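A.B. asks: give me a model of this one.
(chains A, B, C and D)
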There are 2 protein chains.
Amino acid sequence: MNRTSDTRQHILDTAATLFHTQSFSDVGIATICKQADVSKGSFFHFFPSKQALGVAVLEQFREKINETLVARAFSSQYPPMERLLRFVEELYMFQREQAKEHGHLPGCPFGNIVMEQATQDEILRKKADGCIRSIANHIRTAVSDAVQSGELAPLDEEATAEAMFGYLEGVQLMAKARNDAELIRRLGPAVATIRVPQQT
Amino acid sequence: MNRTSDTRQHILDTAATLFHTQSFSDVGIATICKQADVSKGSFFHFFPSKQALGVAVLEQFREKINETLVARAFSSQYPPMERLLRFVEELYMFQREQAKEHGHLPGCPFGNIVMEQATQDEILRKKADGCIRSIANHIRTAVSDAVQSGELAPLDEEATAEAMFGYLEGVQLMAKARNDAELIRRLGPAVATIRVPQQT
DNA sequence: CTTGAAGTATACCGACCAGTCTAGTACTAT
DNA sequence: ATAGTACTAGACTGGTCGGTATACTTCAAG
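C.D. replies: This next block holds a predicted model:
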């Protein structure tokens, strides 16, 4: 059916934008429905609860980011470490564009949910964690490739990839704190200098 | 006056714990009053709004962290780069203890507010940014000392310090996502490998 | 043409929200 | 003793929250 997926998708897209540019707990279901021009009845037909909507929004972000930013940056046609720099540039452009459009730099949609909901809602916490791991996995591959090609001396590949992802989360957090996307461009490239040595 | 400062301080301490272990928007004033055993009238006598309370809580966190974790780690009696590792250990112990006490790893109080409120409340955003800069400043000093002593080759000291702080924010975010303080111990020390080169 | 499911619309629920108001008590300075 | 101020108490307001209930429409299959 057309109407079904249209409405559901419309709710999902509207909620994704609102949660990302504002926050999960400060955006109510009524607001989402109004903005999406959908009735509350329809909303609860597709999503049993706000929590379920949150999980679906996270999943959609994961898919979309993997298909766009991540796909462009982590193409195996680039040397492994260059992929990281391309990812930084993608993040920079994404956050800059969002900041321009909404007036505030929104930060990472997963990081936002983690900071806001991780202590309150175990299901959202685990879902966000899964999304983070899904994206960090691409860094892991790049790091492994870099070690294999000799571009990087041997090190703890798993931990280094996690550290690199964490760094990028932190840089986005600071950029959000200053509402200044340029910080990502200035600090981001240093992601390539991070190394977690092999534990002995 | 005794009663005055007692009540105000009690509200502040209670709110600090609740905001940190849960979240700013999900903790209501009524909850704070009940937990602090204070009437709503008293609350609004000392704080004109929830936002003002938020600012005061951030400031208290800044002072307390500077006097404890930061003071212990960034003592000039230690070699500059060792201070960073000591700070990581302090963060680890702090988060682990909080996680044990409250069941959930709370993350950085400043990072939490940034992610939750930065897009919604400019005053809270700026206050949190100020707290971040205040603490990052100690890293800046350590980095400068390290360059001076030759422990670190010349680099962009300001940017490197910011990058290092951002990294630690990111590591705490990931630890919160996994609800696992050990991540801080495993990834944290790599903070010393981060370098932002002098811009040319 | 009928039946039943999918989807929509909206009134409504109790709980809670930040914040106000009024009436009070306790203490201080004169 | 009195006046004024700092502080406390808690009922109350208008509004919003997530979620429910019920009645409706649309549409496809038999």
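
A.B. asks: going along the chain, name the helices of chain A.
C.D. replies: In chain A, the helices defined using DSSP state H lie at A:2-21, A:29-36, A:40-46, A:50-65, A:71-73, A:80-102, A:109-117, A:122-148, A:157-178, A:182-187.

A.B. asks: how about the contacts made by the residue nearest to residue A:62 when sequence neighbours are not counted?
C.D. replies: In space, and not counting its chain neighbours, residue A:62 is closest to residue A:131: 4.3 Å by Cβ to Cβ, 6 or more residues apart in numbering or on different chains. From N, CA and C alone the C-beta is placed, and that goes for glycine too. By Cβ atoms under 8 Å, 6 or more residues apart in numbering or on different chains, the residues touching residue A:131 are A:58-59, A:61-62, A:110.

A.B. asks: out of these, which are buried?
C.D. replies: For those, a burial check counting by 16 or more other Cβ atoms under 10 Å in any protein chain shown picks out A:58, A:61-62, A:110.

A.B. asks: just flag the most distant two among the residues you listed.
C.D. replies: The largest separation in the buried ones among the contacts of residue A:131, counting by Cβ to Cβ, is between A:62 and A:110 at 7.9 Å.

A.B. asks: joint contacts of the two?
C.D. replies: Both residue A:62 and residue A:110 are in contact with A:131, A:135, where contact means Cβ under 8 Å, 6+ apart.

A.B. asks: list the buried residues for the helix or strand bottoming out on mean pLDDT in chain A?
C.D. replies: Among the helices and strands of chain A, helix A:2-21 carries the lowest confidence by mean pLDDT, DSSP states H and E, at a mean of 89. Neighbour-count burial for helix A:2-21 flags A:7-8, A:10-12, A:14-21 (criterion: 16+ other Cβ under 10 Å).

A.B. asks: so which of the residues you listed reach chain B?
C.D. replies: Contacts with chain B within the buried residues of helix A:2-21, as defined by Cβ under 8 Å from any Cβ of the partner chain: residue A:21.

A.B. asks: closest to residue B:189 out of the buried residues of helix A:2-21?
C.D. replies: Taking the buried residues of helix A:2-21 together and measuring to residue B:189 by Cβ to Cβ, the closest member is residue A:20, at 32.6 Å.

A.B. asks: the closest one contacts residue A:106, correct?
C.D. replies: Yes - assessed by Cβ atoms under 8 Å, residue A:20 is found in contact with residue A:106 at 5.0 Å.

A.B. asks: which neighbours do these two share?
C.D. replies: A:98, A:112.

A.B. asks: got a list of what residue A:98 touches?
C.D. replies: With Cβ under 8 Å, 6+ apart, residue A:98 has these contacts: A:20-21, A:105-106.

A.B. asks: which single one of these is nearest to DNA strand C?
C.D. replies: residue A:21 (20.7 Å; Cβ to the nearest atom of the strand).

A.B. asks: ok, that closest one to DNA strand D distance?
C.D. replies: Counting by Cβ to the nearest atom of the strand, to the nearest Å, the separation of residue A:21 from DNA strand D is 15 Å.

A.B. asks: how about that residue, nearest residue that isn't a chain neighbour?
C.D. replies: residue A:102 (4.6 Å).

A.B. asks: got it, and residue A:193?
C.D. replies: In space, residue A:193 is closest to residue B:195, 4.8 Å off (Cβ to Cβ, 6+ apart).

A.B. asks: about what we covered before: quick one: which of the buried residues of helix A:2-21 is nearest DNA strand C?
C.D. replies: Of all these, residue A:7 has the smallest distance to DNA strand C: 3.9 Å, by Cβ to the nearest atom of the strand.

A.B. asks: does that closest one touch residue A:47 like I think?
C.D. replies: No - counting by Cβ under 8 Å, residue A:7 sits too far from residue A:47 to count as a contact (10.9 Å).

A.B. asks: the residue in chain A that chain B sits nearest to: neighbouring residues, count only.
C.D. replies: Here the residue of chain A nearest chain B is residue A:170; by Cβ to the nearest Cβ that distance is 2.9 Å. Neighbours of residue A:170 under the rule other Cβ atoms under 10 Å in any protein chain shown: 27.

A.B. asks: which ones are touching the closest residue to it other than its chain neighbours?
C.D. replies: Leaving aside its chain neighbours, residue A:170 sits nearest to residue B:170 (2.9 Å; criterion: Cβ to Cβ, 6+ apart). Counting by Cβ under 8 Å, 6+ apart, residue B:170 makes contact with A:165-171, A:173.

A.B. asks: reformat the residues you listed as TSV; add pLDDT.
C.D. replies: Formatted as TSV, the contacts of residue B:170 follow (pLDDT from 0 to 100):
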residue	pLDDT
A:165	98
A:166	98
A:167	99
A:168	99
A:169	98
A:170	98
A:171	99
A:173	98
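
A.B. asks: follow-up on the earlier one: does the residue nearest to residue A:193 touch residue A:190 like I think?
C.D. replies: Yes - taking contacts as Cβ under 8 Å, residue B:195 lies within contact range of residue A:190: 6.3 Å.

A.B. asks: higher neighbour count, these two?
C.D. replies: Taking other Cβ under 10 Å, residue B:195 and residue A:190 do not tie; residue A:190 has more neighbours (25 against 18).

A.B. asks: what pLDDT does the more buried one get?
C.D. replies: Looking at residue A:190, its pLDDT is 98.
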